[in-house]
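> Just a sequence and a predicted model for now, questions to come.
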Amino acid sequence: MAGRSDENHPSPEARLLRGQKAMVTGGNSGIGKATAIALGRAGADVVVNYVVGADAAEEVVARIRRYGVRAYAHEADVSDEEQVVAMVARMVKEFGTLDIMVANAGLQRDSSLVDMSLAQWQKVIDVNLTGQFLCAREAAKEFMRRGVVPEVSRSAGKIICMSSVHQIVPWTGHVNYASSKGGVGMMMQTLAQELAPHHIRVNAIGPGAIRTPINTAAWDTPEAEAALLKLIPYRRVGDPEDIADAVVAMASDLLDYVVGATLYVDGGMTLFPGFATGG
């Protein structure tokens, strides 16, 4: 798939997004990093958003440029309206337009309910949910302004919300995170309904257990990984490239008729594996 090809031997999908302009929020690590690189490999020019970690962001930019496309890093807090507006405006000025918005930036602030502070709750909601709203809103404005350019894509634009299996799976000790992702799911569907008549496609990707810095403790020891695998019927922990491949496909015209859907990339975690033996 697009996210796994060797740089010197690209896959047949390597130019799937030729000429398109993509933004990936939280693009300097984990899923965002893999996604930004995969979009560049598929032919898109890419803006790599980050809030901390400028050096890591520039490394991602350098990787993307190896594919003969344009890329730059942009520091912005996606929960800040003015910063998001400025970030998208700069992209339109430098790249001419925007075709693909991958609203990926997210974080966790874990706690039991009774110990969770309002600040912990609000920070997660602000970044994971409000941040996606702001990015989707600004992207939609550009898509509607420009309309469909048939030689580039069949749609006027694509918004891909990074959700989670916890969009539908409750998660004790993470009420802020699960609530934010549940909100992302309904926000995505509502935006899809509203924007589809404008030929704008809005969808979501729902990762399961993926090897990223946000959840290292869940898989970085044999004991932790063994416990985690009990929740994954496919019996492997996912890699960021698994999600990146899904994003490239969702952003392409291959899935042009997919609107308002969440694609769970989770090795079967949403299949309620605890019931595999009859409950």
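It's in. Residues are numbered from 1 along each chain as shown.
> Show me the strands in this protein, by range?
In the chain, the strands defined using DSSP state E lie at 21-24, 45-50, 71-75, 100-103, 157-162, 200-207, 262-265.
> buried residues in the helix or strand of the chain with the lowest mean pLDDT?
The helix or strand of the chain with the lowest confidence, counting by mean pLDDT, DSSP states H and E, is helix 222-229 at a mean of 88. Using 16 or more other CB atoms under 10 Å as the test for burial, helix 222-229 gives 228-229. C-beta coordinates here come from the backbone N, C-alpha and C atoms, glycine included.
> What of stretch 230-239?
231-232, 237-239.
> got it, and stretch 109-120?
With burial defined by 16+ other CB under 10 Å, the residues of stretch 109-120 counted as buried are 109, 116, 120.
> end-to-end on that stretch?
Across its full length, stretch 109-120 reaches 6 Å between end residues, using CA to CA, to the nearest Å.
> got the contact list for that stretch?
121, 123-124, 172-177 (CB atoms under 8 Å, 6 or more residues apart in numbering).
> Compute the number of surrounding residues for the nearest residue to residue 139 once chain neighbours are set aside.
Here the nearest residue to residue 139 in space, its sequence neighbours aside, is residue 101; by CB to CB, 6 or more residues apart in numbering that works out to 3.7 Å. Neighbour count of residue 101, defined by other CB atoms under 10 Å: 30.
> Format the buried residues of stretch 109-120 as CSV; extra columns: distance to residue 262 and pLDDT.
Putting the buried residues of stretch 109-120 into CSV (distance: CB to CB, whole Å; pLDDT from 0 to 100) gives the following:
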residue, distance to residue 262, pLDDT
109, 23, 95
116, 26, 97
120, 26, 97
